[in-house]
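Student: Predicted coordinates and the sequence they were generated for:
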Amino acid sequence: MVEIMKKFFSLLIFLSLLISKNSFAGDLPKLHGFAESAFGLKVNDDKKASHNGYNMLEQRINMKFRYFPDEFTFLEDWNTEIYYNADVLFDEYRNMYNWQPRQIYTAFTPLDFVDLKIGAQILTWGTGDYLFLNDTFPKDYDSFLIGRDDDYLKLPSYAARATFFIKDISWDIIAIPFFTGNRVPEGRRLSFYDPFQGKISGTDVYRKKIEPPYQFENTEWASRVYSTIGSFEWALYYSRGFYKNPNGYKNEAEKEIYHPRLSTYGASLRGPVPWIDGIGNLEIAYYDSLEDKAGKIRTRPNSTIRYLVGYKKAFKDDLEIGLQYFADQMLYYDNYTENLMPPDRKEDGLYQLLTLRITKLFADQTIRASFFAFYSPTDSDAYLRPVVTWDATDQWKLTLGGNIFFGLDTGDWGQFKGDSNIYMRLRYSF
Amino acid sequence: MKRILSLLLAAGLTLFFSGSSFAEVLSAEQIVKKANEAYYYQGDNGRSRVNMKIEDRQGNVREKEFVILRLNIVKGGPQKYYVYYEKPNDVRGTVFMVWKYLDKDDDRWLYLPGLNLVNRIAASDKRSSFAGSNFVYEDISGRNLNYDKHELIDDKGDVYVIKGIPKVPSEVEFAYYISNINKENFIPVKVEYYDNQDKVIRILETKQIIDVQGYPTVKEAVASDLRSGGKTIIDFNDVEYDIGLDEDVFTERYLQRPPMKWLK
């Protein structure tokens, strides 16, 4: 139902744009976008998902136009922007096609110190590279794990955003009335460790996912205050809503999973590192699990604190290296362990993760080779993402890459061993 | 009225200074300083639509188009740049922002519209290619004058000939360079970069200079890499100076919300 309302909402904005556009003279904005064909071949197939041998086979047509109306002076004065960006995806893996809004919004500046943006929009903040602490906005981990373009890691939020600029301080307030959860492996495309069955499962997964219904009190809120001092950027964050992963159990016998309520509080700092150059970042976030304040309920997530330290540096000849350390610490670990019941798996109270990114450009920057690795000493598992992109011409781009997982069945990354793939994407941009 | 007054004042100052410069003989340092200002600091702020044609040895051509907004914080000193990409199509809407300093690494940001991501990027080697072209970063935003020793080696006809020798040779790909600087407007018309064997390895040429609001302005320039055989033609269009940009434009706000009135 919420899905339909979201699409209806997007369509409404889009139609109103078309109507407002057609009632005035002037040049239509140019249509841009791309057509892309993608194929992902499984290299360690556990044969648990709905198709053997591959986990991505799709054609995508993306169309976007960005329009800054100037029919009325106030529209121009408000720097009014109308943006349409959506895909038609022909997904041969799921044997279906559909229209998928990416960003369909209008943005304007009604007062010098206020920006507004309303509609389907991608929301991103925080300082991590593929790691998110204070960015609690929806993500599509299916896309990430099979090797779609990085852009598809983010799902649009159906939201209204206001940003206030007061002297050097900026302040974002975002209201998200329509809930969008993370897209996570569910067995049909990607097998994963199913705690209900205690093993890696695919099409045999049975779970009932319950999303927060559309109600006024379920509106999610997010806020950020940020500024720059010299070369350093600082920010404070707050959000109130739901865990985006369905990591709570409602009725275990019925295998009902849902999104428990969550508040987050955090801060970040980013800037040049003295003495050794390069860019460093620090970020911290407190995840307050509102439905399990004392950490005693085994079917709800424990409150945690997330930490991130990152560093990246550029070297000669278009080489860049980045490192990150991430930790997620349970706050009521004793309560958590005391309340476990068989066959619950006892997790570590401190989850640690290291990442490495190496990027190098070749051939007048037309070839980009990137290697990203996640390694967790806690879970003893790893996820490697090698990618080579070749801009064959200004229009044609070829991408070859892999998603390779190692480790124990129960590890965050290890559970996807049987989903490891190598993939190819060919894109024509217009 | 205030505007006219300041214009008159500026005109008066120009007369005063150009009047006095007839009498003095310029040193190499003075010439490169004037050239630096003429090439990179014209006006207090400005905009330009840049078309770039990158041609490799095989004759394959790639085109880029972007709008540059520039603000001088101090003439000859720190500057802010906002670069809004329009071509190629797959990077349309990407914004590259630089806060340039003379005494420390630049601050750089990259805005990716598909992720709505404001990313900080590590200041790279300033001799690396700008946007995959045969221009390097320093060609686009200027090279710190203190990095080189400058010698006036010739004073022929309408150009000064200056030799620049890097103080830290290991940081650059050349041994020295020879600039021909137009005596009248101080725009470098040709710069040749040499290797250790006194062989030319790279040439920058100013192909056309036009007058915009009284400022001599580079309209077309070419960078040729004699080792790779590649060359890049850069064409500056719709140049305007003193359009009223202030520091606000060069912040995260306008990465997410392109200031269309200056980008059109």
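Tutor: The structure has been received and is ready for your questions. These numbers were taken from a predicted model, which means no experiment stands behind them.

Student: need the strands for the stretch 1-150 of chain B, in chain order.
Tutor: B:45-55, B:61-72, B:79-87, B:95-100, B:107-112, B:117-121, B:148-156 (DSSP state E, counting those that start in this stretch).

Student: I'd like the ones you listed laid out as a markdown table, including distance to residue A:139 and mean pLDDT.
Tutor: All C-beta atoms are positioned from the backbone trio N, CA, C, and that covers glycine. What follows is those, written out as a markdown table (distance: least, CB to CB, whole Å; pLDDT from 0 to 100):
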| stretch | distance to residue A:139 | mean pLDDT |
| --- | --- | --- |
| strand B:45-55 | 35 | 96 |
| strand B:61-72 | 30 | 96 |
| strand B:79-87 | 26 | 96 |
| strand B:95-100 | 23 | 96 |
| strand B:107-112 | 15 | 95 |
| strand B:117-121 | 13 | 94 |
| strand B:148-156 | 49 | 91 |
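
Student: near chain A, which residues of the stretch 51-200 of chain B show up?
Tutor: Proximity of the stretch 51-200 of chain B to chain A, by CB under 8 Å from any CB of the partner chain, involves residues B:54, B:56, B:60, B:62-63, B:87-90, B:92-93, B:99, B:104-105, B:107, B:112, B:114-118, B:120-125, B:128-129, B:131-133.

Student: so who does residue A:48 touch?
Tutor: By CB atoms under 8 Å, 6 or more residues apart in numbering or on different chains, the residues touching residue A:48 are A:187, A:191, A:200, A:201, A:202, A:203, A:204, A:418.

Student: For these, pick the one with the most neighbours.
Tutor: In terms of neighbours by other CB atoms under 10 Å in any protein chain shown, the contacts of residue A:48 top out with residue A:191 at 27 neighbours.

Student: Check the contact between it and residue A:418; I expect there is one.
Tutor: Yes - the pair residue A:191 and residue A:418 qualifies as a contact (CB atoms under 8 Å) at a distance of 5.2 Å.

Student: which residues are in contact with both of these two?
Tutor: Shared contacts of residue A:191 and residue A:418, defined by CB under 8 Å, 6+ apart, are found at A:46, A:48, A:200.

Student: so where's the chain uncertain?
Tutor: Picked chain A for this. Across chain A, the ranges flagged by pLDDT under 70 are A:1-28.

Student: wrong one, chain B
Tutor: Short version for chain B, where the test is pLDDT under 70: B:1-24.

Student: again, 80 this time
Tutor: Low-confidence segments of chain B (pLDDT under 80): B:1-25, B:123-125.

Student: can you pull out the helices in it?
Tutor: B:2-21, B:28-40, B:137-141, B:252-256, B:260-263 (DSSP state H).

Student: next one: chain A
Tutor: Under DSSP H, chain A gives helices at A:2-22, A:73-77, A:141-146, A:333-338.

Student: Which residues are in contact with the closest residue to residue A:78 other than its chain neighbours?
Tutor: Counting by CB to CB, 6 or more residues apart in numbering or on different chains, residue A:78 lies nearest to residue A:108, which is 4.2 Å off, once chain neighbours are set aside. Residue A:108 makes contact with A:75, A:78, A:79, A:80, A:81, A:115, A:116, according to CB under 8 Å, 6+ apart.

Student: partner residues bridging residue A:108?
Tutor: As for beta bridges, residue A:108 partners with residue A:116 under DSSP bridges.

Student: same check, this time on residue B:81
Tutor: Beta-bridge partners of residue B:81, as defined by DSSP bridges: residue B:70, residue B:98.

Student: Also residue A:313?
Tutor: Going by DSSP bridges, residue A:313 forms beta bridges with residue A:321.

Student: Compute the distance between it and residue A:163, please.
Tutor: 31 Å (CB to CB, to the nearest Å).

Student: List the contacts of residue A:116.
Tutor: Neighbour list for residue A:116: A:107, A:108, A:109, A:110, A:160, A:161, A:162, A:163 [criterion: CB under 8 Å, 6+ apart].

Student: which of these are buried?
Tutor: Among the contacts of residue A:116, those classed as buried by 16 or more other CB atoms under 10 Å in any protein chain shown are A:107, A:108, A:109, A:160, A:161, A:162, A:163.

Student: between those residues, which is nearest chain B?
Tutor: Distance to chain B, by CB to the nearest CB, is smallest for residue A:107 among those, at 6.2 Å.

Student: so the closest one touches residue A:83, yeah?
Tutor: Yes - using CB under 8 Å, residue A:107 makes contact with residue A:83 at a distance of 7.3 Å.

Student: From the structure, what's the count of residues near residue B:236?
Tutor: Residue B:236 has 18 nearby residues by other CB under 10 Å.

Student: Next, the contact list for the residue nearest to it when sequence neighbours are not counted, please.
Tutor: Distances taken as CB to CB, 6+ apart place residue B:48 nearest to residue B:236, at 4.8 Å, with adjacent residues excluded. For residue B:48, the contact set (CB under 8 Å, 6+ apart) comprises B:67, B:68, B:70, B:236, B:237, B:238, B:239, B:240.

Student: and residue B:48, bridged to which residues?
Tutor: Judged by DSSP bridges, the bridge partners of residue B:48 are residue B:68.

Student: in the stretch 51-200 of chain A, what residue is nearest chain B?
Tutor: In the stretch 51-200 of chain A, the residue that lies nearest chain B is residue A:151 (3.6 Å; CB to the nearest CB).
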